[in-house]
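S.K.: Got a predicted structure here, sequence first:
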Amino acid sequence: MRFDLTDLRLFLHVAEAENITRGAERAGMALASASERIRGMELAGGVSLFERRPRGVRLTPAGEAVSHHARVVLNQLDQMRGELTEYARGLRGHVRVLANTASLAEFLPDTLAAFLASHPEIDVDLEERPSRDIIDAVAGGFADLGIVADTVELGDLDALPFRIDELVLIAPIGHPLTDRKEVAFRDTLDEAFVGLSHGSALQTHLAGHAARSGRSLKLRVRLGGFEAVCRTVTSGVGIAIVPREAARRYGKTGTSTIPLTDPWASRRLLIVVRNISSLPAHARNLADHLTEQDSTKIDKK
């Protein structure tokens, strides 16, 4: 049987998404072409790799075996590309990074831009996910690096300190909550909120804490970024919870910042990897750049 690298990458995207349509999108491929490639892999192997379900697909035992070997093959290829970069500029390195909302919006843009500018031979595929989903993806070999909050269980992943992220409440000037020096999240749940769009890792995080209080967020509007959220709060539409850095940058006038008393509001952001010693060279370079320290200072969690 013959599987090419495009087949293997597509296969892993579909396996992670548990959906052929979404897997094809992540692979940058038309659905018809992706479906044909998956069928071709199954015909070549003489076995079903996915169990088709009404709302997606799931790996069969044979598919699990292919998934394992596909990750090994692609990881070895990436290692080779990284090691040969100095000798073969035509080979490009590729690093897949999954990040939570705060790191993606507030901390990654500048440092990642500097890395890409100094490493033109490396491409980065960056995607936002909730921290718990990132842990699963990195552990399963679906991403090289993840950036998560330290409020999640890291399992056997290696971790590097990245940044400190503090979530705060912002409210329009004159709002009753601005008289407080600090506030608990549960005491804000009667208020109207300005939130982030569907799929935002931070919004999912906040909704989870509201649910644990037996409540739900009263969202008046969902917006695509912290700047829009802060501007909308300034107009008096509602309150919001954002990283302190976003409040400083976008809420300088027209809003008040109130610290949250909840322990989860102050958290460390960590870079997580399966194993630092097995990272491809270009992924190791990115990890070193993001931490700005010797990569041997990784703590085993």
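M.R.: Ah, there it is.
S.K.: going forward, measure contacts between C-alpha atoms and count neighbours the same way
M.R.: Will do.
S.K.: What are the boundaries of the strands in the stretch 151-300 of the chain?
M.R.: Remark: strands assigned in the stretch 151-300 of the chain by DSSP state E, counting those that start in this stretch are 158-172, 192-196, 218-223, 240-243, 255-259, 266-273, 299-300.
S.K.: pLDDT weak spots in this structure?
M.R.: 1, 79, 81-92, 293-301 (pLDDT under 70).
S.K.: what about the top helix by length along it, distance to the chain center?
M.R.: Longest helix of the chain, by residue count under DSSP state H: helix 61-84. A distance of 21 Å separates the centroid of the chain from that of helix 61-84, by C-alpha atoms, centre = their mean, to the nearest Å.
S.K.: what do you get for stretch 6-20?
M.R.: 18 Å.
S.K.: before we move on, back to that, right, and the strands of the stretch 151-300 of the chain - which one's nearest residue 56?
M.R.: strand 192-196 (26.8 Å; C-alpha to C-alpha).
S.K.: I figured residue 58 hits residue 51, correct?
M.R.: Yes - contact status for residue 58 versus residue 51: in contact at 5.1 Å, counting by C-alpha atoms under 8 Å.
S.K.: Pick out whichever of these two has more residues nearby.
M.R.: residue 58 (19 against 13; other C-alpha atoms under 10 Å).
S.K.: Tell me who's in contact with that one.
M.R.: The contact partners of residue 58, taken as C-alpha atoms under 8 Å, 6 or more residues apart in numbering, are 15, 18, 50, 51, 52.
S.K.: Am I right that it is in a helix?
M.R.: No - counting by DSSP: H, G, I helix; E, B strand; the rest coil, residue 58 falls outside a helix, being strand.
S.K.: Show me where the stretch 1-150 of the chain has its strands.
M.R.: Under the criterion DSSP E, counting those that start in this stretch, the stretch 1-150 of the chain carries strands at the ranges 50-53, 56-59, 93-99, 122-128, 145-149.
S.K.: And for residue 195, the neighbour number?
M.R.: Neighbours of residue 195 using other C-alpha under 10 Å come to 30.
S.K.: Then residue 28?
M.R.: 11.
S.K.: and what of residue 70?
M.R.: 20.
S.K.: Ok, residue 152 next?
M.R.: Around residue 152 there are 10 residues (other C-alpha under 10 Å).
S.K.: can you check residue 277 too?
M.R.: 11.
S.K.: could we number from 656 for the rest of this?
M.R.: All right, first residue 656 from here; so that's residue 932.
S.K.: That one and residue 796, how far apart?
M.R.: 14 Å (C-alpha to C-alpha, to the nearest Å).
S.K.: what's the angle between the longest helix of the chain and strand 748-754?
M.R.: Here helix 716-739 runs at an angle of 120 degrees relative to strand 748-754 (axes from the mean of the first three to the mean of the last three C-alpha atoms, to 10 degrees).
S.K.: helices or strands up against helix 716-739?
M.R.: helix 660-672, strand 748-754, helix 936-946 (3 or more C-alpha pairs under 8 Å, 6 or more residues apart in numbering; DSSP states H and E).
S.K.: mind redoing it with 10 Å?
M.R.: Here helix 716-739 touches helix 660-672, helix 686-700, strand 705-708, strand 711-714, strand 748-754, helix 936-946, going by 3 or more C-alpha pairs under 10 Å, 6 or more residues apart in numbering; DSSP states H and E.
S.K.: residues making contact with the third one?
M.R.: Read it as strand 705-708. Identification of contacts with strand 705-708 by C-alpha atoms under 10 Å, 6 or more residues apart in numbering yields 666, 669-670, 673-675, 693-694, 697, 711-719.
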